[in-house]
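*Asks:* the following block contains a protein sequence and its predicted model.
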Amino acid sequence: MSKKASGMSTFVEKRFPVSIGFGASGGPVRRTRIFTFANGREVRSSSWAASRRRYDAGTGIRSLKDLQQVLAFFEKTQGPLKGFRFRDPFDHSTAGASGIISATDVVIASGDGSTSSFQLVKRYGTHPDESVRTIRKPVGASVKLAINNSQKTVGTDYTLNAETGEVQFLSAPPAAGTVISAGFEFDTPVRFESDQLEASLTHFEAGQLPSIPLIEISST
């Protein structure tokens with residue numbers, strides 16, 4: 001019986017070593033179909049509704065100790081079998097240039113008077129061309145939440161599921177027309193892309209870094 005079939009969790013709520021991830025390369029990937037006509041005119045369409053992020057953690061390896069940490073993490077996740085948290089060095093917070101998280105960083109929803117549960121999101125760009133990204137792996141201690149700019153208290157006004165990114169209001173649902181906003185740090189759910197990590201000590205000592213590809217996944 002396979003590991004997944006046995007009911008074993010396929011996600012580890014652990015973060016890839018941050019010091020190594022800080023030096024990783026990569027970012028969002030889109031899949032666009034482009035048809036070019038004889039006159040040079042193009043027709044473009046997107047195959048994906050949202051970006052999918054890819055990284056190479058090999059560029060973050062600075063020592064043999066770093067490489068050993070990654071090898072140990074690879075064994076912990078059983079290679080690509082289990083997903084894990086990854087701190088994107090370029091995109092891991094709702095804060096702007098100031099770097100200071102605020103409960104009003106991003107509007108996550110509008111109240112309707114009946115809904116009590118809401119999903120954390122991050123928005124890129126401005127309406128009507130903005131892109132909305134679902135955030136499923138927030139850093140729990142960093143999350144701040146507000147209704148109509150009035151900050152709320154976790155455990156008293158709402159609960160947070162840091163494994164799914166859902167917030168649940170504990171008293172009456174937010175009234176219709178109210179603005180629900182939040183600010184937070186977050187991780188990207190990823191997995192190792194390959195069943196094999198190929199590391200050569202000779203190449204490493206010669207300054208040739210291994211390739212350690214990671215790919216974004218759905219955390220469910």
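*Replies:* Structure's in. What do you need? Numbers count the residues shown, from 1 in each chain.
*Asks:* below-threshold pLDDT in the chain: ranges please.
*Replies:* In the prediction, the chain carries residues with pLDDT under 70 at positions 1-8, 48, 200-209, 219-220.
*Asks:* what ranges do the helices span in it?
*Replies:* Assigned by DSSP state H, the helices in the chain fall at 18-21, 64-76, 201-205.
*Asks:* does Ala146 touch Thr104 like I think?
*Replies:* Yes - applying Cβ atoms under 8 Å as the test, Ala146 and Thr104 come out as touching, 5.7 Å apart. No exception for glycine: its C-beta is placed from N, CA and C like everyone else's.
*Asks:* domain ranges for the protein?
*Replies:* Recorded structural domains for the chain (assignment: automatic domain parsing) are 11-89+188-216, 106-183.
*Asks:* okay if I get the ones you listed as CSV plus distance to Ser98 and mean neighbour count?
*Replies:* Putting the domains of the chain into CSV (distance: least, Cβ to Cβ, whole Å; neighbours: other Cβ atoms under 10 Å) gives the following:
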stretch, distance to Ser98, mean neighbour count
domain 11-89+188-216, 18, 15
domain 106-183, 11, 16
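*Asks:* wait, which of those is closest to Ala95?
*Replies:* Proximity to Ala95, assessed across those by Cβ to Cβ, is greatest for domain 106-183 (6.6 Å).
*Asks:* any idea how far apart the tips of the closest one sit?
*Replies:* The first and final residues of domain 106-183 sit 6 Å from each other (Cα to Cα, to the nearest Å).
*Asks:* just stretch 37-44 next, same as before
*Replies:* With Cα to Cα as the measure, stretch 37-44 spans 11 Å from end to end.
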